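Asker: Could you look at this predicted model? Sequence included:
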Amino acid sequence: MTFRVMYVQRRKFGLSVVAGTLFLLSVVSCVQQSADVVLMNGGRLSDTEVQRLLDSQMLLADANPDALDSARALLAQDPLAVNGEMRRFIHAYVAAESSSNSKLQQLLQALLHGGLLGVSYNPMKTYTAAETFYYQEGNCLSFSMLTAALGREVGLNVRFNEVQVPPTWDMQSARTQVNYRHMNVVVKAGRQRKIVDINMSNYSVDYQQDLVSDDYAVAQYYNNLAMESLINGEPAVSFLLLREALTREPELSFLWGNLGTVYRRAGYYHEAEVAYLKGLQLDGADLMIVSNLARLYRQMDSPDKADYYEQLAASYRARNPYYRYSQAGEAFATRQLDDALDNITAAIEAYSQDSRFYFLAAKINRALGRNGEARRQLQMAMSLTGDDAQRRLYRETLAELTPNNLGELTTIERD
């Protein structure tokens, strides 16, 4: 388990993800596209047509009654509720008369010390606050909900904080692509704000991050469970959970995209199309919805629309700096250095504020024997990061590129 508390400078937290929290087909895209263009001049969807997706009973008709009862029982719970056992526990270890700084330290000691609750990080477990307390494990969203619930119980000011972790993709099965996002909490302690995060390896102060509402965090919770249900072959349960998530946060495009995937998997293609297009109305640059629409139109035998969305998806990927960054990393790992350099150059041209782009560029240039350029890239990386651990890594790598160390470098011969 990796854990630490970080002090947060008074930086901007907007109103605009959760490593270990599953988001089916959800990515951050840096390309903006007009929704009118994406909808291929199809006009705006009517509110009635969209609402019909949420009111429909078609997915529930043949569902397992026991599964539906379990889902409804789950929806009746408050994911942030504190029960009597939790209340007695936390008041036994956090003194009411303490300062907010002391309360925070006592809270974290109670939650994380092996001799007390000892919560451990499990990226595949999404739990309520009470379940996280009972099972003593959970992903970062689960831990954040437990921290928020118990922190507020002892009088702390705790807010959920969504961290826009750069997109990564992981194949969970032959049919499902999953993107991981990250959630932690911000605690106001005296005049400082502190980040509390159970998995700091997925957090950097350099990442864009936004304070979000409880409803937003709970919507993410239901989304996670919905995607787990879909993967487990329970589309009706997934539908009920996503419907609750959308009731709380109807403006999140990826929730509509996930609802479209539920309908598509169940064979309801028109309903899937409406859900996907609603998602694109909210975010015309949602790459995964665009990709899913292409797949849907292939299934619907609409090749012209499928071609359009496939080309649009390819264009989005090509201009997405994090996609090019990932491509550069893959090419570098296989020593395809020219391809790696082309991709990282494109990533930096598209977005010049991520220190890791420059660090990878430095490694590529170093492998190509361009040590002066590598030093310049490392200096850029150091100037951009606010993360002390990253800055130390960049400084140490830069030290290896000083003239006294150049003889130790490994380079390749080039034509």
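Answerer: Everything's here; your move.
Asker: give the contact list for residue 300.
Answerer: With contact taken as C-beta atoms under 8 Å, 6 or more residues apart in numbering, residue 300 is in contact with 269, 273. (C-beta placed from N, C-alpha, C; glycine too.)
Asker: Need the pLDDT of it.
Answerer: Residue-level confidence at residue 300 comes out at 96, pLDDT.
Asker: what's it sitting at in phi/psi?
Answerer: Recorded main-chain torsions at residue 300 are phi -90, psi 0, according to degrees, to the nearest 10.
Asker: measure it to residue 273 for me?
Answerer: 8 Å (C-beta to C-beta, to the nearest Å).
Asker: How about residue 153?
Answerer: When C-beta to C-beta is applied, the distance between residue 153 and residue 273 equals 45 Å.
Asker: more neighbours, the two?
Answerer: Between residue 153 and residue 273, residue 273 has the larger neighbour count (other C-beta atoms under 10 Å), namely 22 against 18.
Asker: what's the helix or strand for that one?
Answerer: helix 269-282 (DSSP states H and E).
Asker: With just CA atoms, put that helix into PDB.
Answerer: Backbone C-alpha positions of helix 269-282 (Å, rounded to 0.1, in the frame of the first residue of the first chain) are rendered in PDB as follows:
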ATOM      1  CA  TYR A 269     -29.500  -0.800 -31.500                       C
ATOM      2  CA  HIS A 270     -31.800   2.100 -31.900                       C
ATOM      3  CA  GLU A 271     -31.700   2.800 -28.200                       C
ATOM      4  CA  ALA A 272     -27.900   2.400 -28.200                       C
ATOM      5  CA  GLU A 273     -27.700   5.000 -31.000                       C
ATOM      6  CA  VAL A 274     -29.800   7.500 -29.100                       C
ATOM      7  CA  ALA A 275     -27.700   7.100 -26.000                       C
ATOM      8  CA  TYR A 276     -24.400   7.500 -27.800                       C
ATOM      9  CA  LEU A 277     -25.700  10.600 -29.700                       C
ATOM     10  CA  LYS A 278     -26.900  12.100 -26.400                       C
ATOM     11  CA  GLY A 279     -23.400  11.600 -25.100                       C
ATOM     12  CA  LEU A 280     -21.900  13.300 -28.100                       C
ATOM     13  CA  GLN A 281     -24.300  16.300 -27.600                       C
ATOM     14  CA  LEU A 282     -22.700  16.700 -24.200                       C
END
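Asker: Tell me how many other residues crowd the closest residue to residue 397 other than its chain neighbours.
Answerer: Once flanking residues are discounted, residue 397 sits nearest to residue 378: 5.9 Å by C-beta to C-beta, 6 or more residues apart in numbering. Around residue 378 sit 27 other residues, with neighbours defined as other C-beta under 10 Å.
Asker: ditto for residue 65
Answerer: The burial metric for residue 65, expressed as a neighbour count using other C-beta under 10 Å, is 9.
Asker: what bits of the protein have low per-residue confidence?
Answerer: Applying pLDDT under 70 to the chain flags residues 1-44, 167-180, 201-202, 402-415.
Asker: Can you classify the spatially most central residue of it by secondary structure?
Answerer: To find the centre residue of the chain, average its C-alpha atoms and take the closest one (C-alpha atoms, centre = their mean): that gives residue 181, at 1.3 Å. Here residue 181 takes the strand state, with states given by DSSP: H, G, I helix; E, B strand; the rest coil.
Asker: Wait, it touches residue 141, no?
Answerer: No. Look at residue 181 against residue 141 with C-beta atoms under 8 Å: they stay out of range, at 9.1 Å.
Asker: How far off centre is stretch 311-318?
Answerer: Its chain's C-alpha centre lies 21 Å from the corresponding centre of stretch 311-318 when counted by C-alpha atoms, centre = their mean, to the nearest Å.
Asker: Could you list the buried residues of that stretch?
Answerer: Within stretch 311-318, the residues scored as buried using 16 or more other C-beta atoms under 10 Å are 312-313, 316-317.
Asker: Nearest spatial neighbour of residue 63, chain-adjacent residues omitted?
Answerer: Closest residue in space to residue 63, ignoring its immediate chain neighbours: residue 236 at 3.4 Å, by C-beta to C-beta, 6+ apart.
Asker: What is the neighbour count of the one you found?
Answerer: 22.
Asker: for residue 194, same thing?
Answerer: Residues contacting residue 194 under the criterion other C-beta under 10 Å number 19.
Asker: likewise the one 5 residues further on?
Answerer: The number of residues packed near residue 199 is 19, by other C-beta under 10 Å.
Asker: what do you get for residue 268?
Answerer: Other residues near residue 268 number 19, with proximity taken as other C-beta under 10 Å.
Asker: Residue 232 too?
Answerer: The number of residues packed around residue 232, counting by other C-beta under 10 Å, is 11.
Asker: Check which helices and strands the helix holding residue 273 is in contact with.
Answerer: The criterion is 3 or more C-beta pairs under 8 Å, 6 or more residues apart in numbering; DSSP states H and E, and the helices and strands that helix 269-282 contacts are helix 35-38, helix 47-55, helix 253-265, helix 287-299.
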